[in-house]
Every structure is written in structure tokens, then in C-alpha cells.
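Engineer: what follows is a predicted protein model with its sequence.
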Amino acid sequence: MSDSIDYGRLMHRAMRGLIQQVLSDVARNGLPGEHHFFITFDTTHPDAELADWLKDRYPEEMTVVMQSWFDDLQVTDDGFSVTLNFGDAPERMHIPYDSIQTFVDPSVEFGLRFESHDKADDEPTPPESPRPLRDRSKDESTRNNGKTDHAPADVVQLDTFRK
């Protein structure tokens, strides 16, 4: 049992679950309206499967677009497989959720970015010292010509890409 709760890992797991749900819905019903996806993934991930010529062309990461032409989307608990068209050459690939770096649906300005970790997921992350959050807008030392300078916070905003 770990001495701390790894919120980052839990958040990543939840967001990958969101991607799984969205792709499952698309596999059943197709893409609704103007929705389409830009998915960037790590091509060096041991469970990523793609043609050798694609691995040669994209040795570290690749962004695929799921929009007007894709076929046979199959979604599992570990990742998804899809056939995409590369210059009239259909190619089958498997993308594990753990390899996804970004998932963006520009039609609704929604996006997720996953920070990579050098450690294996099973290794606990050392806890950071907690920092209290405070309302700096009431702090006179931060005022500048009637404007408030806010210090950056370590807060994840999931609606950053919403309209």
C-alpha cells in the first residue's frame, strides 16, 4: 500500500476511460455532426502496432486523424484498432490508451494532453509537498495599476478547450 494517493495516475486512467467511451460510441454509431479527432501517440510503445514504413517515418510519435475515412474501429479495454487511409493505402493499426499523448476534437475545442512519466506506472510517485491555495486578488502586494498578477497554480482545467 502506498503512503499517498497518486491523483495524477488516477486522472490519467479516468481520462483514458473517457477516450474509450467516446471511441466505443463512435464504433457503434459513427462520428456525429462535425466531430473528428486528432490523436497523437507514442509509436515506440511496446504494444503499439503499425506498419514498418509508418514506424520508420514516425520513429517517436505520430498524429492520426479520424474524420471522413476510417474503417473497422474496434475498441477494447487496453486500446483501439482502426484502419486508416494513407494516400490511398489502407493501414491497420493498434493504439494502446497508454501510448496516447494528446486527444483533440477541434470541432468542439476539446482536448486532453497526457504528460509522460519516465517511471513505470506501477512505481509510486513520491508525494510533493502540499501548497495551500489562497485568493491573491485580495493581496495588496500583487496589485499593479489596478490589475492583479496571479501566480501560476498547479490546477488541471478540463474545460480549457471548450467554447
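Structural biologist: Yep, that arrived.
Engineer: C-alpha from now on. contacts and neighbour counts both.
Structural biologist: OK.
Engineer: who does the host helix or strand of Thr102 touch, helix- and strand-wise?
Structural biologist: Thr102 is part of strand 100-105 when elements are defined by DSSP states H and E. With contacts taken as 3 or more CA pairs under 8 Å, 6 or more residues apart in numbering; DSSP states H and E, strand 100-105 sits against strand 37-42, strand 110-113.
Engineer: my read: Glu34 touches Asp105, true?
Structural biologist: No - look at Glu34 against Asp105 with CA atoms under 8 Å: they stay out of range, at 9.4 Å.
Engineer: which of those two has more neighbours?
Structural biologist: Taking other CA atoms under 10 Å, Glu34 and Asp105 do not tie; Asp105 has more neighbours (19 against 11).
Engineer: and the nearest residue in space to that one that is not next to it in sequence, how many neighbours?
Structural biologist: Closest residue to Asp105 apart from its sequence neighbours, by CA to CA, 6 or more residues apart in numbering: Phe37 at 4.7 Å. Neighbour count of Phe37, defined by other CA under 10 Å: 20.
Engineer: on that earlier part again, single out the most deeply packed of the helices and strands packed on strand 100-105.
Structural biologist: The highest average neighbour count among these, using mean count of other CA atoms under 10 Å, belongs to strand 37-42 at a mean of 20.
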